[in-house]
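Novice: here is a sequence with its predicted model. Questions after.
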Number of protein chains: 2
Amino acid sequence: VSVDSPTKQKFSPGIFLRYDCRASEEELMRIETQRLTLRLENPFTIAHGTTTERQNVLVRICDGERTGVGEAAVVPYYKETPERVINALTDPAVVVALGDDARLLHDALDRLPPSESTAARAALDMALHDLWGQRLGQPLYRLWGLNPARAPVSSFTIALDTDEAAYRDRLRAAPPFSLYKIKLGSGAWQTDLDIARIARETTGAQIAVDANCAWRADDALQIIPRLAALDVAYIEQPIGRDDHDGWRALRDHRAADWPPLMADESAQNAQDVLALNGLADGVNIKLAKCGGLRAALGMVTLARQLGMRAMIGCMVESSVAVTAASHLAPLVDFADLDGNLLLSNDPYRGTRVINGQIHLPDAPGLGVNPVAE
Amino acid sequence: VSVDSPTKQKFSPGIFLRYDCRASEEELMRIETQRLTLRLENPFTIAHGTTTERQNVLVRICDGERTGVGEAAVVPYYKETPERVINALTDPAVVVALGDDARLLHDALDRLPPSESTAARAALDMALHDLWGQRLGQPLYRLWGLNPARAPVSSFTIALDTDEAAYRDRLRAAPPFSLYKIKLGSGAWQTDLDIARIARETTGAQIAVDANCAWRADDALQIIPRLAALDVAYIEQPIGRDDHDGWRALRDHRAADWPPLMADESAQNAQDVLALNGLADGVNIKLAKCGGLRAALGMVTLARQLGMRAMIGCMVESSVAVTAASHLAPLVDFADLDGNLLLSNDPYRGTRVINGQIHLPDAPGLGVNPVAE
């Protein structure tokens, strides 16, 4: 999961902006948006800041018989705001783009108006995929020909903490996953190494680390060999988002025993994957960054053709967006699908991640259902 | 359509090499191969040679209830022989790879043993896609979310002929397509230009040209501006398969009014698409070259992410392989799906290409059926 500093604004949950824009008798689709306040069970700290609450946006698309749902993760780091997302979702061109036949998924996606909000685009893409899967009567992973048993385990993310005793307690209190993703970026690479060592001592599970852009290249070259000695599964985003010189420096000094270096903030979309070819070992793909399932599938395909690893990640999101992402899990090497597990008020049920095992739903489409009130 | 010099060997059609390799009770799939002699209505000449007959191979995979079918195009230019194809198809590792659940398409494809025969790989990939689509009860294009009405027109290929009057007659006798693909490669670019001019004068339809590797870069730089003046839709494979210096020379001299330069022989697979990035304007994707529908979808995805055009083509193939390729047509800019139209003994019916309009079948899977005896 990726989190960021919370927005200052507060919204009431459950406000529906319902509108009906049928331009003609042929246009059958209706669309509605809903602001969603997600509360974190515990405050969550990473290199970018501390979060206690998130304001995401749900979108529902109805073809008269079935309703598809999608979610926009409002991540300040990616310049998203609820207003920007809702503006994008309520663009009158959107409902025209949806067309009148849920089977024609790519036509609808192709017609969506351009928007700066990749999170809004991702929400529409998820809702259209959900509707499409329901229309064809199959879960998304079946429509992609995937084996749900091939999903890797998901990691569980352990936030930053400067208090060693509290950190050990938190790690011990975490659900018993077989892989923990340790957030680093305390401000000094030596402290980061200490945190990783404490994690390594405290749990018998595998660990991976995520620096969230925290290190300069020379710091990264100090800590990475030491992390390699701790046998970490992968190192995510060791250096700055746009620090391609840094990626090159790491590439030039790469040793055979280094774990895979996975780009996250540096790898938002397919163009970034191309730019990272030969630099990063893999990419962490997230629907809110790239604009949805179609773009994510394209990134996986591209990464594979470039010989790169692929990972599926999430933001602080409800079961809607996490379930959508999880349908891609059988295609990737690593999964980090715990965003909904951190919430105290997840409004949906879908994919269950139980001690790291990913259980995809077998209902058509995304396979999510609202939690009964 | 691409053809090549015919093989010298003759085979009786309809010989079934049937074998049952169940390794255990759990292995449900059966596989069989069939040699197929395809006769061309008329001898067909291109830069690589003249063809009157082709020896392709069909493969059928049965899960006990349904049967998927695929076809291997035996194209001498790509070093295929019926023996090599049949050796690859009858590898005992193949039936193990098929597994026991037709829904798990990618598991089966991932498990297929490596083979030098991309045509055999393509045949297995088609048969597995056919079975998968039948198992899910949907045509392939539906499982890809595509709109069958979005397919471009298919071209009809006009073979080389040195006799001008005969050539004009042949063009006039061709079915009334709106796009003809004119085969060039007579041996001299000036003659090739004459042929294109004759075609341009003789038909009111659009024309595209295919040089099948015939020109050196300096010849290509002479003829291409002149072809541009004839308003050709695209120019396929102007220079040699491995002539990347030639592609670079064309790129460096490219004028704004040139039609798209499409790589065919130079673009067999995804690695070739990456190597042609910034050199060719697009790629002609064929199942027999790349190894099937999954690889072809990957090539389309990659080409789009690189900003390249995509085209779907075929070999001298029956309706099995041509129909398989046609399901990708809604994704591409150009289609050349006439391989089965040249045959006097097409053993299957599937996609119908009527005067260039591509009509995809709405039956599940590939949607092909044997012609009644």
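Specialist: Noted; the coordinates are in hand.

Novice: switch to C-alpha atoms for all contacts and neighbour counts from now on
Specialist: OK.

Novice: alpha carbons of the biggest strand by length in chain A, as CSV, please.
Specialist: Determined from DSSP state E, the single longest strand within chain A is strand A:30-46. C-alpha atoms of strand A:30-46 as CSV (Å, rounded to 0.1, in the frame of the first residue of the first chain):
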residue,chain,number,x,y,z
ARG,A,30,-26.3,5.7,-16.1
ILE,A,31,-23.4,6.8,-14.0
GLU,A,32,-23.2,8.0,-10.5
THR,A,33,-20.4,9.0,-8.1
GLN,A,34,-20.1,8.7,-4.4
ARG,A,35,-17.5,10.3,-2.1
LEU,A,36,-16.0,7.8,0.3
THR,A,37,-14.2,8.5,3.5
LEU,A,38,-11.9,5.7,4.4
ARG,A,39,-10.6,5.6,8.0
LEU,A,40,-7.4,3.9,8.8
GLU,A,41,-7.4,1.5,11.7
ASN,A,42,-4.0,3.1,12.8
PRO,A,43,-2.2,6.2,11.6
PHE,A,44,0.1,5.2,8.8
THR,A,45,3.5,6.8,8.3
ILE,A,46,5.8,6.5,5.3
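
Novice: indicate each strand paired with whichever helix or strand comes after it and its parallel or antiparallel sense.
Specialist: Downstream of strand A:30-46, the first helix or strand assigned by DSSP states H and E is strand A:49-62. Strand pairing for strand A:49-62, determined by DSSP bridges: strand A:30-46 (antiparallel), strand A:67-72 (antiparallel).

Novice: most tightly surrounded among these?
Specialist: Each of the strands paired with strand A:49-62 was scored by mean neighbour count; the highest is strand A:67-72, a mean of 29, by mean count of other Cα atoms under 10 Å in any protein chain shown.

Novice: my guess is A:Pro225 meets A:Trp258, correct?
Specialist: Yes. With contacts counted by Cα atoms under 8 Å, A:Pro225 reaches A:Trp258, the gap being 6.6 Å.

Novice: hmm, back to that, tabulate the strands paired with strand A:49-62 (TSV), appending distance to B:Ala120 and mean pLDDT.
Specialist: Below are the strands paired with strand A:49-62 laid out as TSV (distance: least, Cα to Cα, whole Å; pLDDT from 0 to 100):
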stretch	distance to B:Ala120	mean pLDDT
strand A:30-46	47	91
strand A:67-72	40	98
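
Novice: now stretch A:349-364: how far from the chain's centre is it?
Specialist: Between the centre of stretch A:349-364 and the centre of its chain there are 16 Å (Cα atoms, centre = their mean, to the nearest Å).

Novice: does any bit of that stretch sit next to chain B?
Specialist: No. Judged by Cα under 8 Å from any Cα of the partner chain, stretch A:349-364 and chain B are separated, with a smallest distance of 12.2 Å.

Novice: about what we covered before: just send the strands paired with strand A:49-62 back as JSON lines, with distance to A:His359 too.
Specialist: Output for these, formatted as JSON lines (distance: least, Cα to Cα, whole Å):
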{"stretch": "strand A:30-46", "distance to A:His359": "22"}
{"stretch": "strand A:67-72", "distance to A:His359": "20"}
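
Novice: among those, which is nearest B:Thr90?
Specialist: B:Thr90 lies closest, by Cα to Cα, to one member of the strands paired with strand A:49-62: strand A:67-72, at 44.8 Å.

Novice: send the alpha carbons of the helix or strand following the closest one over as PDB?
Specialist: Scanning forward in sequence from strand A:67-72 by DSSP H and E, the next helix or strand is helix A:82-89. Taking Å, rounded to 0.1, in the frame of the first residue of the first chain, the C-alpha atoms of helix A:82-89 are listed here in PDB:
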ATOM      1  CA  PRO A  82     -11.800  14.600  -4.700                       C
ATOM      2  CA  GLU A  83     -12.800  17.600  -6.700                       C
ATOM      3  CA  ARG A  84     -10.500  16.800  -9.600                       C
ATOM      4  CA  VAL A  85     -11.700  13.200  -9.600                       C
ATOM      5  CA  ILE A  86     -15.400  14.200  -9.500                       C
ATOM      6  CA  ASN A  87     -14.900  16.800 -12.200                       C
ATOM      7  CA  ALA A  88     -13.400  14.100 -14.400                       C
ATOM      8  CA  LEU A  89     -16.200  11.600 -13.600                       C
END
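
Novice: next SSE after helix A:82-89?
Specialist: According to DSSP H and E, the helix or strand after helix A:82-89 is helix A:92-98.

Novice: helix or strand right after that following helix?
Specialist: That would be, after helix A:92-98 and using DSSP H and E, helix A:105-111.

Novice: residues of that next one that come out buried?
Specialist: For helix A:105-111, the neighbour count (16 or more other Cα atoms under 10 Å in any protein chain shown) marks A:105-109 as buried.

Novice: do stretch A:117-129 as well
Specialist: Buried, per 16+ other Cα under 10 Å, within stretch A:117-129: A:117-129.

Novice: off-centre distance for the longest strand of chain A?
Specialist: Worked out by Cα atoms, centre = their mean, strand A:30-46 lies 14 Å from the chain centre.

Novice: same thing with stretch A:289-298?
Specialist: The answer for stretch A:289-298 is 11 Å, by Cα atoms, centre = their mean.

Novice: rounded mean pLDDT for that stretch, please.
Specialist: The average of the pLDDT scores along stretch A:289-298 is 97.

Novice: just the C-alphas of it, formatted as PDB.
Specialist: In PDB, the C-alpha atoms belonging to stretch A:289-298 read as follows (Å, rounded to 0.1, in the frame of the first residue of the first chain):
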ATOM      1  CA  LYS A 289      -1.300   5.500 -11.400                       C
ATOM      2  CA  CYS A 290      -1.700   4.100 -14.800                       C
ATOM      3  CA  GLY A 291      -5.500   4.600 -15.300                       C
ATOM      4  CA  GLY A 292      -7.000   1.200 -14.800                       C
ATOM      5  CA  LEU A 293      -6.900  -2.500 -15.700                       C
ATOM      6  CA  ARG A 294      -6.400  -2.100 -19.400                       C
ATOM      7  CA  ALA A 295      -3.400   0.100 -18.900                       C
ATOM      8  CA  ALA A 296      -2.100  -2.200 -16.200                       C
ATOM      9  CA  LEU A 297      -2.400  -5.300 -18.400                       C
ATOM     10  CA  GLY A 298      -0.400  -3.300 -21.100                       C
END
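
Novice: right, is it up against chain B?
Specialist: Yes. If you take Cα under 8 Å from any Cα as the test, stretch A:289-298 does meet chain B, through A:Gly298.

Novice: can you count the residues close to the nearest residue to A:Ala211 once chain neighbours are set aside?
Specialist: Among residues not flanking A:Ala211 along the chain, A:Leu184 sits closest, at 4.6 Å (Cα to Cα, 6 or more residues apart in numbering or on different chains). Close neighbours of A:Leu184, defined as other Cα atoms under 10 Å in any protein chain shown, add up to 30.

Novice: pretty sure A:Leu184 sits against A:Asp192.
Specialist: Yes. Here A:Leu184 reaches A:Asp192: they are 5.5 Å apart, a contact under Cα under 8 Å.
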